[in-house]
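Visitor: Sequence and predicted model, in that order:
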Amino acid sequence: MGKKMTFSAGIINQVKGWTPPTFHQGKECYVSFSAFDPVSSKMKRKKIMLGRIKGKQAQKVYARGIINRLTEKLLDGWNPWIEQTAPMEYTMFADVCDNYRDYLYKLVKDDDMREDSLASYLSYMRVFSSWASKNNMKYIFQLNKRKVCEFLDYVFVERNNTLQTRNNYLAWLKSFSTWLLQRSYLTVSPTDGLSLVQRRSKKKNRDVIPDKDLQRIHDYLMTKNKHYLLACYLLHYMFIRPHEMTFIKIGDIRLSGPTLTLHGETTKNRNDAVLTIPKKVVHLMLDLDVFKHPSNHYLFSDKFMPGRERKSEKMFRDYWLSRVRKDLKLSSAYKFYSLKDTGITNMLKANLDVLTVRDQARHSSILITDTYTPKDIKEANKVLLNYEGVL
């Protein structure tokens with residue numbers, strides 16, 4: 001015969017959670033209910049007095065409204081005794097999200113977060129907030145481990161996203177959870193015990209754009225937007241990231257090299273870099289009269305033309321999606337950033353030595369063959385200077 005399973009009264013009460021609110025009308029008029037008190041591990045009674053309401057019928061009507069509101073809150077997980085000890089946990093979920101967005105914008109303003117990271121975080125937040133709203137998440141205390149698991153399954157199964165995307169959402173949720181803990185919105189991290197799912201080891205699949213499509217992109221932009229073509233050149237031939245492009249000023253370009261200087265405060269690895277400008281890129285710059293602008297003007301401002309105002313890197317992706325990829329009916333796998341991967345691949349196919357490509361790419365995704373090779377290049381590389389690809 002199996003061993004009899006016993007439970008303490010505290011555990012039973014915790015599982016029970018609460019009792020429905022009821023109306024009492026006698027010597028005293030009140031609504032009462034009981035809820036589990038985690039401090040005493042007992043059910044504790046709560047009374048809401050209605051003696052101030054005059055008239056028995058008015059008391060009944062008022063009590064009915066209170067009972068409906070209390071029942072809805074209790075069903076959502078509200079607990080009056082927990083609220084007293086951890087009031088921040090009962091902050092509205094939407095208000096918490098607003099505070100988090102303000103925090104992210106301040107990080108970017110203080111240059112403690114990259115704009116592309118901000119765009120990613122806000123995108124994750126939008127999808128999560130939409131899912132939370134549809135799943136009746138009103139208060140931040142409702143964000144628990146079970147909810148996180150349900151959301152990750154939604155991303156991976158229902159939305160049919162990749163495993164990498166699922167992992168990206170979890171990484172963001174871990175960061176968000178840390179922020180919540182630090183501000184006492186939660187006392188336990190909802191992502192504790194959850195880990196990234198390891199993918200099967202395989203060679204990275206790059207979205208390399210075929211030559212025929214590079215030629216189409218080139219021809220299209222030569223007619224539609226040559227200044228945006230220059231941005232494509234900088235990404236494809238010089239591997240300059242979109243974020244870094246937004247900081248380039250006319251004065252950073254030295255025609256006598258020709259070289260372009262990137263400053264450490266704007267680069268991903270926080271190191272200064274001097275890059276060779278291939279002649280094909282120089283010719284397009286001259287054709288666009290970029291050097292007729294003051295040296296303190298940004299290379300890419302309004303409409304991708306030189307100007308005083310620095311713009312967000314988002315403009316490069318937006319134009320690629322709304323104009324280039326749409327008009328040319330390119331595969332969704334071809335992103336603006338694919339031009340960089342394609343440029344590295346095509347240079348290697350053209351038999352440029354790996355070290356030359358590595359230095360121009362500044363430790364991009366190609367294998368570093370010699371960690372002791374000096375990377376403080378100050379002169380234009382003659383091989384790169386005359387290199388000319390399809391784009």
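Guide: Arrived safely. Numbering: from 1, shown residues only.

Visitor: correct me, but S312 touches E115?
Guide: Yes: S312 is in contact with E115 according to CB atoms under 8 Å; the separation is 5.6 Å. To be clear about C-beta, it is placed using only N, CA and C from the backbone, and glycine gets the same treatment.

Visitor: residues shared between the contacts of the two?
Guide: T246 (CB atoms under 8 Å, 6 or more residues apart in numbering).

Visitor: what's the domain layout of the protein?
Guide: 9-85, 93-182, 211-385 (automatic domain parsing).

Visitor: Now these in a markdown table, please, with extra columns for mean pLDDT, mean neighbour count and distance to P190.
Guide: As requested, those are exported to a markdown table (pLDDT from 0 to 100; neighbours: other CB atoms under 10 Å; distance: least, CB to CB, whole Å):
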| stretch | mean pLDDT | mean neighbour count | distance to P190 |
| --- | --- | --- | --- |
| domain 9-85 | 81 | 14 | 13 |
| domain 93-182 | 91 | 15 | 5 |
| domain 211-385 | 84 | 16 | 30 |
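
Visitor: And the ones you listed: which comes nearest L196?
Guide: Closest to L196 of the domains of the chain is domain 93-182 (CB to CB; 4.4 Å).

Visitor: and the gap between F336 and L229?
Guide: Using CB to CB, to the nearest Å, one gets 12 Å for the distance from F336 to L229.

Visitor: residue contacts, G193?
Guide: Applying CB under 8 Å, 6+ apart, the residues near G193 are K145.

Visitor: What are the phi and psi values at it?
Guide: Dihedral pair for G193: phi 90, psi -10, per degrees, to the nearest 10.

Visitor: separation between it and C149?
Guide: Separation of G193 from C149 (CB to CB): 10 Å.

Visitor: go on, S123?
Guide: 21 Å.

Visitor: L328 now?
Guide: 41 Å.

Visitor: same question, I140
Guide: I140 is 17 Å from C149, by CB to CB.

Visitor: swap in H227?
Guide: 47 Å.

Visitor: Report the distance from stretch 249-258 to the chain centre.
Guide: 34 Å (CA atoms, centre = their mean, to the nearest Å).

Visitor: typo on my end, stretch 296-309
Guide: 27 Å.

Visitor: swap in stretch 255-272?
Guide: 26 Å.

Visitor: Repeat that for stretch 342-354.
Guide: Between the centre of stretch 342-354 and the centre of its chain there are 31 Å (CA atoms, centre = their mean).

Visitor: For the stretch 201-350 of the chain, which segments count as helices?
Guide: 211-224, 226-238, 242-245, 279-287, 314-319, 325-328, 338-349 (DSSP state H, counting those that start in this stretch).

Visitor: Looking at these, spot the one closest to Y105.
Guide: Of the helices of the stretch 201-350 of the chain, the one closest to Y105 (CB to CB) turns out to be helix 314-319, at 13.9 Å.

Visitor: from the middle of its chain, how far away would stretch 256-276 be?
Guide: 26 Å.

Visitor: try stretch 328-346
Guide: 22 Å.

Visitor: Let's see that stretch as PDB, backbone CA atoms only.
Guide: C-alpha atoms of stretch 328-346 as PDB (Å, rounded to 0.1, in the frame of the first residue of the first chain):
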ATOM      1  CA  LEU A 328      14.000  45.000 -57.200                       C
ATOM      2  CA  LYS A 329      12.000  42.200 -55.600                       C
ATOM      3  CA  LEU A 330      15.100  40.900 -53.800                       C
ATOM      4  CA  SER A 331      15.000  37.900 -51.500                       C
ATOM      5  CA  SER A 332      14.200  38.800 -47.900                       C
ATOM      6  CA  ALA A 333      17.500  37.100 -47.000                       C
ATOM      7  CA  TYR A 334      19.300  40.000 -48.600                       C
ATOM      8  CA  LYS A 335      19.600  42.600 -46.000                       C
ATOM      9  CA  PHE A 336      21.500  45.900 -46.200                       C
ATOM     10  CA  TYR A 337      24.200  44.400 -43.900                       C
ATOM     11  CA  SER A 338      24.500  41.500 -46.400                       C
ATOM     12  CA  LEU A 339      26.600  43.900 -48.600                       C
ATOM     13  CA  LYS A 340      29.400  43.600 -46.000                       C
ATOM     14  CA  ASP A 341      29.400  39.800 -45.900                       C
ATOM     15  CA  THR A 342      29.200  39.800 -49.700                       C
ATOM     16  CA  GLY A 343      32.100  42.200 -50.000                       C
ATOM     17  CA  ILE A 344      34.400  40.100 -47.700                       C
ATOM     18  CA  THR A 345      33.500  36.900 -49.600                       C
ATOM     19  CA  ASN A 346      34.100  38.500 -53.000                       C
END
